[in-house]
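# show me how the following folds:
(2 chains, ligands or ions: 2)
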Amino acid sequence: MLKLEQVSKTYGNKNEKAVDNVSFEVHPGEIFGFVGPNGAGKTTTIKMIVSLLAPNSGKIRINGIDNQNDILAAKKQFSYVPDSPELFEKIKGIEYLKFMADVYQVPAVERQERIEKYLDIFEIKDAVNDPIGSFSHGMKQKLALVGALIHDPQVFILDEPMVGLDPKASFELKKIMRDHCDRGRSVFFSTHVLDVAEKICDRIAIIKKGKIIEVGTMAEIREKAGSQESLENIFLELTE
Amino acid sequence: MKEIVNLTKLFINESLGFSLFFYNQKFNKKEFYKQLFTLIIVPVALIPAFFMYVSLMSATYFGLTMINQTSVFLSIGYIMATVLIIVFGIMYILSEFYFSDNIEELIPLPISQRKLIIAKFLSILVFEYIFAAFIFLPILIIYGVGQGMGLLYVLLSFLIFLTIPVLPLSLMTALIMLMMQSASLKGRKDMLQIVFVFIGIAVIFGVQIWFTSQLGNGDEVDFQLLMNTMLSNNEGILNIIGYAMPTSFLMAWALNKITLMSFVWVGALLGITLLSGALMVAIGERVYIKSIVSGKSMKKGKQLSGAERSKALGKKSHGAMAVFTMDLRLLLRTPVYFFNNVSVVIIAPLCVFLSFYFIKIPPEDLQGMQEFFRAMPVLINFLLISFFIFFGGTSATTATTFSREGKASWLTRMIPVTARDQIVGRTGVAMLIQSLGIVFTIIAIQLIFPLTLSTLLLTVVLGILGSLPILLFGLFMDMNRPLLNWDNPQKAIKNNMNVVITLFVGMAYTGLLIGISGLLGYFVNPLLGYGLFLLISIGISVVFYQVISNRLEAEFLNFE
Ligand SMILES: Nc1ncnc2c1ncn2[C@@H]1O[C@H](COP(=O)(O)OP(=O)(O)OP(=O)(O)O)[C@@H](O)[C@H]1O
Ligand SMILES: [Mg+2]
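Ligands and ions are numbered 1, 2, ... in the order given. The predicted model follows:
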């Protein structure tokens, strides 16, 4: 579903690589968690997947499509919500959603069904006619989530989705993620919240200083670490 | 004191982006050279304009010498400088005091309001001094040299130079603070900005129209006559404007003839200036922070019912249409964008209309002119075409199209929209605005100078097609070097080199194109002229279209 092969990235003319030879694969029906300390290269990796940054080397395939060969086709396979989504302040929520539905060519019936459903779930129906500039941080994030779910993407990519959401919303989001994968699609997200990663992810990759140091299910990672500790402890040991 | 200086430095640094500049010098050479290029090319590009200004002023001075009226020279300069400082200052004041994000970070810190206000004011003042140096120093120098003034003149005029931006700016700042306070209660910050700027423009217009109407019939726009009318008109025009700007008297009394009294007048001027600064600070301390804190609200829309929501979501529409709509909304709803890109299409036709209206052409002359143009339709057609291209070229709408999205541009780059749709949507917005300008111009001209339908059709089509290469060139520039990292939308335009480059390239290109095809049309055959024009415009457009559509997706990867 999502496959990275030896992807590397260096910013400007800095010396160390922000992402160093990263490879992993996200399978269909899988929630895949991407964890690592601050500055490890999570956001950088995600930006390369969603075609906001070009890798210096390596290949990224989304649903089988090489995102350097056919950017446009690759873009149709995923949707992405950044860690703190900057949206057009002067645009109303509903106008933003229409825009997203249009660029992903979502037919009238589907767009209405989905938008009504997710607006209800995230409880932002009342604010949808206001300019985005008047939204709170969390409301912006919710709107971006609704916008990203309009076209029911093959791969749902999120950077730090739980930060800034209230408990109800993050509970609902987890449900949406699970539901998404149950329909054979995939979710790929980065997080600091190790409890969440441990509970809802089918598999996890741990990144540190640009390098993947561990990939696998929780059980596999535990086995390797040779302990029955929580992800938190393993994480602290591994990333020391 | 030290705190104020540090804050001022911080604000200046922020509005110029020095930190990023030096960061790039270390870590991102490519970006650094781009910025360095900007820092060098802008002043160089302005040199010709400056020379033109200085020669114009020298000519005015000599004109005045001939009629023995050099004493008004300084007053003209003083009033002009003040008006310009006010007009440009409005934008600076609003963006530094009300539209910059730093204030929210600074309010919680233990810095006194007074220091914040003074530092913000000083950071604007620095730019205005530079501006005033270009506008007013040449005038002081021309007059000084012309009159053979000595050291005392240098000293006194320097003191007056120091006062020149402070007085209008501090009064303007105080006024804006008071108005923003009452506006902030209603949460209409954005509209107010537009209103202010338009008031500024109205002032300029007012003065200009008034000048023109003082010419009398104006059947002969003769400099000598203009001066004579002005001066014989009882106290003269300057006195009347002078009453609105009484400090210009002090300045004139002080500098026109250096006597002991000059020191008194300069002292008075300095005193008034200090007072106005103090007044601004005193008002600011009462209202500024308070209105910032209370004025952070945006106007909300009404709640939508399910049916209204589904109507708003509508049916599937084309990607190009979606891009077009989004770009247009951003342009119309962001005051700075509106002012820079859209207002020109209203103002320029208005100028045409007013100049026709106030410079009253006698009927027989008008008829003569109409016959002249009827005899030479090629000339008038190309004239109109170049005016129509002007709306496409000068607004530089496409040259900032990605920059205007700023940090939200990730969305544009992430969505699966074809390069073609991006080009069509964004160029479409520029064309729509241009067409508005064209329509307004035609209306303005039609009232005085009826044009035939075929002329209209020909010039409109060629005008739009002729500006297409410039529009695409602007898009090409913004695709290659967008300015995205701003905290204040004004920077997307004001600090954006793409605007300047597109403007200059566009003007040079238009001149060449109109020149060559106009000559061909005039001397050889009109059809050949139009044909060549069409051929070049379409040819270049096609080339740019191809280049952009091939490169756009790849360039999107380089935006950050
Ligand atoms: N635009 C940029 N220019 C230069 N260096 C950058 C840029 N963005 C990130 N970096 C560097 O790349 C490295 C990885 O950053 P990245 O944002 O990918 O980390 P992250 O894992 O997302 O961290 P966090 O958990 O804090 O979000 C860091 O060392 C950072 O300094
Ligand atoms: Mg990150």
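
# now B:G529. Nearest residue, chain neighbours left out?
The shortest distance from B:G529 to any non-neighbouring residue, by Cβ to Cβ, 6 or more residues apart in numbering or on different chains, is to B:G521 (2.0 Å). Every residue, glycine included, has its C-beta placed from N, CA and C.

# and that neighbour, what does it touch?
Each residue near B:G521 by Cβ atoms under 8 Å, 6 or more residues apart in numbering or on different chains is listed here: B:378, B:382, B:527-530, B:532-533.

# any stretches of the stretch 151-300 of chain B with poor pLDDT?
Applying pLDDT under 70 to the stretch 151-300 of chain B picks out residues B:182-245, B:294-299.

# go again using 80 as the cut-off
B:178-249, B:256-257, B:290-300 (pLDDT under 80).

# need the three-state assignment for A:G184.
At A:G184, secondary structure determined by DSSP: H, G, I helix; E, B strand; the rest coil is coil.

# and it, what does it touch?
By Cβ under 8 Å, 6+ apart, the contact set of A:G184 is A:28-29.

# repeat for the one 3 residues further on
With Cβ under 8 Å, 6+ apart as the criterion, the residues that contact A:V187 are A:30-32, A:155-158, A:177, A:180-181.

# only whichever of those are buried, select them in PyMOL.
In PyMOL syntax, the buried subset of those is picked out as below (16 or more other Cβ atoms under 10 Å in any protein chain shown):
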select buried, chain A and resi 30+31+32+155+156+157+158+177+180+181
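
# ok, the residue nearest to B:G529 to B:I385 distance?
Per Cβ to Cβ, to the nearest Å, B:G521 is found 10 Å from B:I385.

# which residues do these two both contact?
With Cβ under 8 Å, 6+ apart as the test, B:G521 and B:I385 both reach B:F533.

# and the residue nearest the centre of chain A, helix, strand or coil?
Chain A has A:L158 as the residue nearest its centroid, 1.8 Å off, counting by Cα atoms, centre = their mean. Secondary structure, three-state DSSP: A:L158 is strand.

# isn't it up against A:S186?
No - using Cβ atoms under 8 Å, A:L158 is not in contact with A:S186, being 11.6 Å away.

# pLDDT weak spots in chain A?
Counting by pLDDT under 80, chain A contains low-confidence ranges at A:12-14, A:225-235, A:237-240.

# swap in 90 and give it another go.
Within chain A, the segments meeting pLDDT under 90 span A:1, A:11-16, A:37, A:84, A:90, A:133-134, A:162-164, A:192-199, A:214, A:218-240.

# just the strands in it please.
Counting by DSSP state E, one finds strands in chain A at the ranges A:2-9, A:19-26, A:31-35, A:57-62, A:65-66, A:78-81, A:155-159, A:186-191, A:203-208, A:211-216.

# with distance to B:V424 added, can I get those strands in CSV?
Listed next are the strands of chain A as CSV, based on distance: least, Cβ to Cβ, whole Å:
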stretch, distance to B:V424
strand A:2-9, 32
strand A:19-26, 35
strand A:31-35, 37
strand A:57-62, 26
strand A:65-66, 25
strand A:78-81, 24
strand A:155-159, 28
strand A:186-191, 33
strand A:203-208, 40
strand A:211-216, 42
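
# adding distance to ligand 1, write these out as JSON lines.
JSON lines is the format used below for the strands of chain A (distance: least, Cβ to the nearest ligand atom, whole Å):
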{"stretch": "strand A:2-9", "distance to ligand 1": "8"}
{"stretch": "strand A:19-26", "distance to ligand 1": "7"}
{"stretch": "strand A:31-35", "distance to ligand 1": "9"}
{"stretch": "strand A:57-62", "distance to ligand 1": "15"}
{"stretch": "strand A:65-66", "distance to ligand 1": "22"}
{"stretch": "strand A:78-81", "distance to ligand 1": "14"}
{"stretch": "strand A:155-159", "distance to ligand 1": "7"}
{"stretch": "strand A:186-191", "distance to ligand 1": "7"}
{"stretch": "strand A:203-208", "distance to ligand 1": "7"}
{"stretch": "strand A:211-216", "distance to ligand 1": "12"}
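
# circling back: from the contacts of A:V187, pick the one nearest chain B.
A:I157 (9.7 Å; Cβ to the nearest Cβ).

# count of residues packed around the spatially closest residue to A:V155 that is not a sequence neighbour?
Take A:V155 and drop its neighbours on the chain: the residue closest to it by Cβ to Cβ, 6+ apart is A:F78, 4.2 Å away. Counted by other Cβ atoms under 10 Å in any protein chain shown, the residues lying close to A:F78 total 26.
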